[in-house]
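Visitor: let's see this in three dimensions:
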Amino acid sequence: MNKKIIVPPIKSQGIKTKLIPWINSLAPKVSGKWIEPFLGTGVVAFNSNYNKAILNDTNPHIINFYKQIQTGAISAPLMKRYLESEGALLSSAGDNGYDHYRAVRERFNKEFSPFDFIFLSRAGFNGMMRFSKKGFWNIPFCKKPDRFAQAYVTKISNQVANVSKIIKPEPDWTFYNKSFSEIIPMAGVDDLIYCEPPYYGRYVDYYNGWTESDEESLYNLLRETKAKFILSTWHHNNWRKNDMIDKYWSKFNIVTKDHYYHSGGKVENRQTVVEALVCNFDLQEIEAHNHGIREIPAQLQLL
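Guide: This is a model prediction of the structure:
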């Protein structure tokens, strides 16, 4: 019987919910910690079944939100009351709800409330998360004034409740707001690092951006680590291939799987993509992990 996937309350483009069984089937069990330098929504960590974890993201709002759940400052009942109140204001606001969305966005960009962060994450356009260079939320409204219907509020509140049962207190689960270059060296030989950096050449809306220099730095750190690691990235789509695969990651074991992304500002980012998991350990029956790989289209083979 398949275990139910824990879905986090934070919504973002590129979330790995449907890929969890694949990732877990590849991840070896180690005696140490689960280490995630790019936490994102947290969906992979929350389904990793590890009792000890180091979880990091350069986005301070993600880390603050989960630390508030960890301490009990955010709970399912509190989130439900907040969303019911703000949802009512949204549904009755002028400009088809946009007036209240702007008000919450302006308030968040001054006070950085983790409750407002969830509101914006759920009411922003196309499930996107993007910040300006000054660190301000700058995604437009999804244009759905009735976004926070009772069923949707209950769904989000239940997600908060589910995550609160998984997150262990410090020091078992430790959250950091640092660079990945500070987190990866924390790993020891008995740990497992799961890396899901921004997808170079596809998603550039990371909190601090992502460049080829970052990709190279990540490669060098993972090449030197004594821990086992899994890196999630993209292999190719119908338009192009990921040049970083050949340049850096082809030196390790790679398995692939088709995946469809429903979120993203560009149509081409909402199509089927061949995902890749890169790892530095030997795989038993490696072909069994290649679920649904397609041949690279002929035009890409010529590149």
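
Visitor: low-confidence bits of this structure, can you list those?
Guide: Scanning the chain for pLDDT under 70 picks out 1-2, 14, 202-208, 259-271, 284-303.

Visitor: show the backbone phi and psi for the residue nearest the centre of it.
Guide: Nearest to the geometric centre of the chain sits residue 40, at 3.2 Å (C-alpha atoms, centre = their mean). Per-residue torsions, residue 40: phi 60, psi -130 (degrees, to the nearest 10).

Visitor: who touches it in this structure?
Guide: If a contact means C-beta atoms under 8 Å, 6 or more residues apart in numbering, then residue 40 has 10, 12, 14-15, 57, 62, 196 as its contacts. (Glycine included, C-beta is placed from N, CA and C.)

Visitor: residue 54: what secondary structure?
Guide: The assignment at residue 54 comes out as strand when based on DSSP: H, G, I helix; E, B strand; the rest coil.

Visitor: number of residues surrounding it?
Guide: Using other C-beta atoms under 10 Å, residue 54 has 23 neighbouring residues.

Visitor: pretty sure it is touching residue 33, no?
Guide: Yes: contact criterion C-beta atoms under 8 Å: residue 54 and residue 33 qualify, at 5.7 Å.

Visitor: that older thread, any idea how far residue 183 is from the residue nearest to the centre of the chain?
Guide: Distance, residue 40 to residue 183, by C-beta to C-beta, to the nearest Å: 14 Å.

Visitor: after the host helix or strand of residue 229, next one along is what?
Guide: Assigned by DSSP states H and E, residue 229 falls within strand 228-236. Using DSSP H and E, the helix or strand that follows strand 228-236 in sequence is helix 243-247.

Visitor: show me which positions of stretch 73-92 end up buried.
Guide: Across stretch 73-92, burial judged by 16 or more other C-beta atoms under 10 Å covers 74, 76, 79-80, 82-83, 86-87, 89-91.

Visitor: just the CA trace of it, in PDB.
Guide: The C-alpha coordinates for stretch 73-92 follow below in PDB (Å, rounded to 0.1, in the frame of the first residue of the first chain):
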ATOM      1  CA  ALA A  73       3.500  30.000  16.900                       C
ATOM      2  CA  ILE A  74       1.600  28.900  13.800                       C
ATOM      3  CA  SER A  75      -1.000  26.200  14.200                       C
ATOM      4  CA  ALA A  76      -3.900  24.800  12.100                       C
ATOM      5  CA  PRO A  77      -6.600  26.700  14.100                       C
ATOM      6  CA  LEU A  78      -4.700  30.000  13.800                       C
ATOM      7  CA  MET A  79      -4.200  29.600  10.100                       C
ATOM      8  CA  LYS A  80      -7.800  28.700   9.600                       C
ATOM      9  CA  ARG A  81      -9.000  31.800  11.400                       C
ATOM     10  CA  TYR A  82      -6.600  34.000   9.500                       C
ATOM     11  CA  LEU A  83      -7.500  32.700   6.100                       C
ATOM     12  CA  GLU A  84     -11.200  32.900   6.800                       C
ATOM     13  CA  SER A  85     -10.900  36.500   7.800                       C
ATOM     14  CA  GLU A  86      -8.600  37.600   5.000                       C
ATOM     15  CA  GLY A  87     -10.600  35.500   2.500                       C
ATOM     16  CA  ALA A  88     -13.800  37.400   3.400                       C
ATOM     17  CA  LEU A  89     -12.000  40.700   2.900                       C
ATOM     18  CA  LEU A  90     -10.600  39.500  -0.500                       C
ATOM     19  CA  SER A  91     -14.000  38.400  -1.800                       C
ATOM     20  CA  SER A  92     -15.600  41.700  -1.000                       C
END
